[in-house]
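Novice: let's see this in three dimensions:
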Amino acid sequence: MGRFDKYNVDLKGMKTSSLEMEFDLDNAFFADIDGEEFQKGAVRAKVTVKKNREIFDFSFEMAGTVIVPCDRCLDDLEIDVDTESTLRVKLGDSYADEGDIVIVPENEGDLNIAWYLYEFIVLALPMKRVHAPGKCNHEMTGKLKRHSVDADECGENEEAQIDPRWAGLKDLQIDEDN
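Specialist: Residues are numbered from 1 along each chain as shown. The predicted structure is shown next:
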């Protein structure tokens, strides 16, 4: 039995028009999925599948926490996750991802949703992942301050920033009549 077999949804053999599943995604799941964003967490996932003729509508509701590295100090940062996502699937000749619909080969008839669970959590994470002010690793923030550029080097002092090789360009004017 594979690591992700319990995340297989048998679309072809679905007897009812609706199916509900619940999963506890823990550190073992995230380590096994081996994603780049994070590998620790505790998320409860509720997945509902509704069969509408030839289309299967998946609804994902996930809530919990994941542990990601802080963008500033690289220490572990716990982020709450509370997200809802959808996925439309239909059976076809071969596997394809056509934007808003995933096509699963009819001869296989099942879809493993493990990667979708992980991806929907990743999409729910904020772009900037940093500790609250004052909560970052003080040793790391001290090193960052020592190696940071001061205000004059960041462009706040415009005159000090102009590269002499490009200084002549600021004297050029564009003739808007041509």
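Novice: going forward, measure contacts and count neighbours with C-alpha atoms only.
Specialist: Noted.
Novice: for residue 17, grab phi and psi.
Specialist: phi -80, psi -10 (degrees, to the nearest 10).
Novice: not counting sequence-adjacent ones, nearest residue to it?
Specialist: Nearest residue to residue 17, sequence neighbours excluded (Cα to Cα, 6 or more residues apart in numbering): residue 51, at 4.9 Å.
Novice: mind telling me what element residue 116 is part of?
Specialist: Using DSSP states H and E, residue 116 maps to helix 114-124.
Novice: identify the residues contacting the longest strand seen in the chain?
Specialist: Identified as the longest strand of the chain according to DSSP state E is strand 76-92. By Cα atoms under 8 Å, 6 or more residues apart in numbering, the residues outside strand 76-92 that reach it are 43, 54-70, 100-106, 109, 120-121, 124-125, 129-131.
Novice: filter those residues down to the ones in helices?
Specialist: 120-121, 124 (DSSP state H).
Novice: what about residue 91, how many residues nearby?
Specialist: Residue 91 has 22 neighbours, counted by other Cα atoms under 10 Å.
Novice: picking that back up, of the ones in helices among the contacts of strand 76-92, buried ones?
Specialist: Buried members of the ones in helices among the contacts of strand 76-92, scored by 16 or more other Cα atoms under 10 Å, are 120-121.
Novice: about what we covered before: so the residue nearest to residue 17 lies in a strand, does it not?
Specialist: Yes - counting by DSSP: H, G, I helix; E, B strand; the rest coil, residue 51 is found in a strand.
Novice: partners of it in the sheet?
Specialist: Here residue 51 sits in beta bridges with residue 56, as judged by DSSP bridges.
Novice: how much space between residue 110 and residue 141?
Specialist: The gap separating residue 110 from residue 141 is 49 Å, by Cα to Cα, to the nearest Å.
Novice: isn't residue 11 right up against residue 109?
Specialist: Yes - using Cα atoms under 8 Å as the test, residue 11 is close enough to residue 109 to be in contact (5.5 Å).
Novice: which of these two has more residues huddled nearby?
Specialist: For residue 11 and residue 109, the more surrounded residue by other Cα under 10 Å is residue 11, and the numbers stand at 20 against 16.
Novice: phi first, then psi, for that one.
Specialist: According to degrees, to the nearest 10, residue 11 has phi -70, psi -40.
Novice: give the contact list for it.
Specialist: Contact analysis of residue 11 by Cα under 8 Å, 6+ apart lists 56, 109-111.
Novice: ditto for residue 10
Specialist: By Cα under 8 Å, 6+ apart, the contact set of residue 10 is 109-111.
Novice: who has more neighbours, residue 110 and residue 141?
Specialist: Neighbour comparison, residue 110 and residue 141: the larger count goes to residue 110, with 18 against 14 (by other Cα under 10 Å).
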